[in-house]
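1. Next input, structure requested:
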Amino acid sequence: MSPRQKITAIDAQERRGNRRSIFINGRFALGVDETVIADLGLHVGQEISEEELGRVVRTELLVKARERALRLLEYRARSRAELARRLRLAGFAEDIIEEVLVRLSEMGLVDDARFSQSWVESRSAGRSIGKTRIKWELRQKGIDADLVEEALSEIDEETEYKLAARAARAKWDKDRSPDVSVKRRRLASYLQRQGFGWDVIKKTVNQLAADDEDE
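-> Just a heads-up that it's a prediction; the model follows:
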């Protein structure tokens, strides 16, 4: 019969002030964040079962996963799928990842709808790219198709035409080819790569060619 397990010491770690070393029956058992001690109410003299010890380990993993996710969010907003992928690569189990993401969502720190809207605004304003490319980018980030469509609904055809015209003007002016048909093909290809739809491309190219003729 194994002896009773008792917490005999909880010591602060010298090099990391927020870490605590837990000793059971006089021997080092594991190191945890100080919040784990507080959250679980651990104290010296407490008897602890294997099940309770497992709960300590799991709580520590949740703290580590949450801290890693928060560090990632410090750099920029991220989709739920992006965070899950990064936490998975860091070796966290699926149940730990799911619980952390649920908590972050409840705190409003992970919100795919808000992330999608912000992405559409920044991408369309910053580089004048089209809906097709933005849609592809959001899908690559794991955003649900319905949320993508909802975010892209802010860009109607007229708005997309203005974005295309802004992106096309500089490209058209830099092209020194004397052959207008060549310039038209090059510009159409460029706008397609930028993710604009065919109707918008045709309207943009025709307008720039017509402006040149008027001059």
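
2. Using the three-state scheme, assign residue 69.
-> helix (DSSP: H, G, I helix; E, B strand; the rest coil).

3. Kindly apply the preceding question to residue 91 instead.
-> Secondary structure assignment for residue 91 (three-state DSSP): coil.

4. cool, residue 28 as well?
-> strand.

5. The most centrally placed residue in the chain - nearest residue in space that isn't next to it in sequence?
-> In the chain, the centroid-proximal residue (C-alpha atoms, centre = their mean) is residue 78; its distance is 1.7 Å. Counting by C-beta to C-beta, 6 or more residues apart in numbering, residue 78 lies nearest to residue 72, which is 6.0 Å off, once chain neighbours are set aside. Where C-beta positions appear, they are placed from N, C-alpha and C, glycine not excepted.

6. Pretty sure that neighbour sits against residue 85.
-> No. Taking contacts as C-beta atoms under 8 Å, residue 72 lies outside contact range of residue 85: 10.4 Å.

7. Any buried residues in the helix or strand of the chain with the lowest mean pLDDT, and which?
-> Across the helices and strands of the chain, the lowest-confidence element by mean pLDDT, DSSP states H and E is helix 198-214, at a mean of 81. Across helix 198-214, burial judged by 16 or more other C-beta atoms under 10 Å covers 200, 201, 203, 204, 205, 207, 208, 209.

8. Next, the contact list for the second one, please.
-> Which is residue 201. When contacts are counted by C-beta atoms under 8 Å, 6 or more residues apart in numbering, residue 201 touches 164, 188, 191, 192.

9. Wait, a helix at residue 9?
-> No. Per three-state DSSP, residue 9 lies outside any helix segment and is strand.

10. Residue 40 versus that one, what's the distance?
-> Per C-beta to C-beta, to the nearest Å, residue 9 is found 16 Å from residue 40.

11. swap in residue 79?
-> Counting by C-beta to C-beta, the gap from residue 79 to residue 40 is 32 Å.

12. ok, and the closest non-adjacent residue to residue 94?
-> residue 88 (7.7 Å).

13. Helix, strand, or coil at that neighbour?
-> helix.

14. Any idea how many residues pack against it?
-> Neighbour count of residue 88, defined by other C-beta atoms under 10 Å: 12.

15. quick one: it and residue 98 touch, right?
-> No. Residue 88 sits out of contact with residue 98 when judged by C-beta under 8 Å, with a separation of 11.0 Å.

16. Below-threshold pLDDT in this structure: ranges please.
-> The model of the chain has pLDDT under 70 over residues 1-3, 126-127, 211-215.

17. ok, which stretches of it are helices?
-> In the chain, the segments counted as helices under DSSP state H are 34-40, 50-75, 80-89, 94-106, 112-126, 131-140, 145-152, 157-174, 180-193, 198-214.

18. and those helices as CSV, adding distance to residue 24?
-> Shown next, in CSV, are the helices of the chain (distance: least, C-beta to C-beta, whole Å):
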stretch, distance to residue 24
helix 34-40, 14
helix 50-75, 8
helix 80-89, 29
helix 94-106, 23
helix 112-126, 42
helix 131-140, 47
helix 145-152, 47
helix 157-174, 63
helix 180-193, 62
helix 198-214, 68
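
19. Out of the ones you listed, which gets nearest to residue 25?
-> helix 50-75 (11.8 Å; C-beta to C-beta).

20. Just name whatever secondary elements that closest one is in contact with.
-> Here helix 50-75 touches strand 27-33, helix 34-40, helix 80-89, helix 94-106, going by 3 or more C-beta pairs under 8 Å, 6 or more residues apart in numbering; DSSP states H and E.
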